[in-house]
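In: following is a predicted model, sequence given first.
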Amino acid sequence: MSEGLIFVLVIGALVLVAVARVFFSARAQRRREQAAATEKARNEALFRSMFPELQPLYHPERLVEFVEARIKGKANARGKREWDWNNPPGFPGLRARIAATEKGERVMLTRPDGKAAGEFLYEAAPKIGVMRVGKGKLTIDLSNRPAPRVRYWHPERQFKWSLKGWVFNTPMADEPFSTSSSETSSSSFTSSSSDSRATTAALVGAGGAFDGGGAAGGWDSSAGGGPAPEAPSIGGSESAAATAY
């Protein structure tokens, strides 16, 4: 066999290997993207079903936008105790009526037709925002931007959220469970009550334990500890329509 033919065969083999590598790499990437999309859709469905009092306004990603804008001073009170903020970040299409109080800023959201959309009490600290909605407390931590974290405390249910995933703690689980691992199957969330403890205990290993209490634990130590007191009866999002986020 001539050296020229051998050279051609070697080059051909290298080309085939390169093409196969590109093909299988692209297929693996598509599978990862599909798995990530499936996991995200499942997590969003869990959030909507487990936390109806936060629908449709108070999704963690929206709250990050709002708090970031407030910290940057995009809503300027100019010495007023009450002022309006049209189309605030995180609440597109709405108007925020902000009133300064002794406990923080009372934010009343209205739709273009003037109907109430939701209300919350807002408190700010450096790189941290706290929103009290009814009995719940949302702590939005931007100290590790661009990796924001949101924690929700409620007497009956809590969650942690970050770009990596969620950790839920609700009456449906004996232990807090994480959904941030793509290896978690959807069947893990529909197990019977008899084996829910074993299932959730396995899941928590993927995302870490849940810190109880009303503060955000290690995420927002500057925001204070202990259970969050019930916010003033300002209604919160419970009066808003239960439209999916």
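Out: Alright, I've got the coordinates. Because the structure is a prediction, the values reported are computed rather than measured.
In: relative to Ser25, how far out is Gly42?
Out: If you look again at residue 42, you'll see it is Arg, not Gly. Computed as CB to CB, to the nearest Å, the Arg42 to Ser25 distance reads 26 Å. C-beta: built from backbone N, CA, C; applies to glycine.
In: wait, Ala117 sits on Arg111?
Out: Yes: using CB atoms under 8 Å, Ala117 makes contact with Arg111 at a distance of 5.3 Å.
In: need the residues touching each of these two.
Out: Leu94 (CB atoms under 8 Å, 6 or more residues apart in numbering).
In: longest helix anywhere in the chain?
Out: If you go by DSSP state H, the chain has its longest helix at helix 3-50.
In: what segments of the chain are helices?
Out: 3-50, 60-71, 196-207.
In: put together a markdown table for these, with mean pLDDT on each row.
Out: Listed next are these as a markdown table, based on pLDDT from 0 to 100:
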| stretch | mean pLDDT |
| --- | --- |
| helix 3-50 | 85 |
| helix 60-71 | 94 |
| helix 196-207 | 35 |
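In: pick the most buried one from those helices.
Out: Burial of the helices of the chain is given as mean neighbour count (mean count of other CB atoms under 10 Å); helix 60-71 ranks first at a mean of 20.
In: show me what that one is packed against.
Out: Judged by 3 or more CB pairs under 8 Å, 6 or more residues apart in numbering; DSSP states H and E, helix 60-71 is in contact with strand 116-125, strand 128-133, strand 136-141, strand 149-153.
In: compare neighbour counts for Ala117 and Arg111 and give me the winner.
Out: Ala117 (19 against 14; other CB atoms under 10 Å).
In: what about Arg32, distance to Phe47?
Out: 22 Å.
In: next: Phe159.
Out: Taking CB to CB, one finds Phe159 at 7 Å from Phe47.
In: just Ile6 next, same as before
Out: 61 Å.
In: now swap in Pro126 and tell me
Out: For Pro126, the distance to Phe47 (CB to CB) stands at 28 Å.
In: pLDDT-wise, which helix or strand of the chain ranks last?
Out: The weakest-scoring helix or strand in the chain, judged by mean pLDDT, DSSP states H and E, is helix 196-207 (a mean of 35).
In: what residue ranges in the chain score low on pLDDT?
Out: Along the chain, the model assigns pLDDT under 70 to residues 1, 74-79, 172-245.
In: give me that answer again for 90
Out: Filtered on pLDDT under 90, the chain yields the residue ranges 1-40, 70-81, 103, 124-126, 144-146, 170-245.
In: name the residues of stretch 121-133 that are buried.
Out: 121-123, 127-133 (16 or more other CB atoms under 10 Å).
In: between those, which is nearest Asn86?
Out: Tyr122 (17.0 Å; CB to CB).
In: need the contact list for that closest one.
Out: Taking CB under 8 Å, 6+ apart, one finds 70, 98, 104-107, 129-132 in contact with Tyr122.
In: excluding sequence neighbours, find me the nearest residue to it.
Out: Ranked by CB to CB, 6 or more residues apart in numbering and with sequence neighbours excluded, the top spatial neighbour of Tyr122 is Glu105, at 4.4 Å.
In: if I look at the one you found, how far off is Leu63?
Out: For Glu105, the distance to Leu63 (CB to CB) stands at 14 Å.
In: next one: Arg106
Out: 17 Å.
In: alright, I will stop here.
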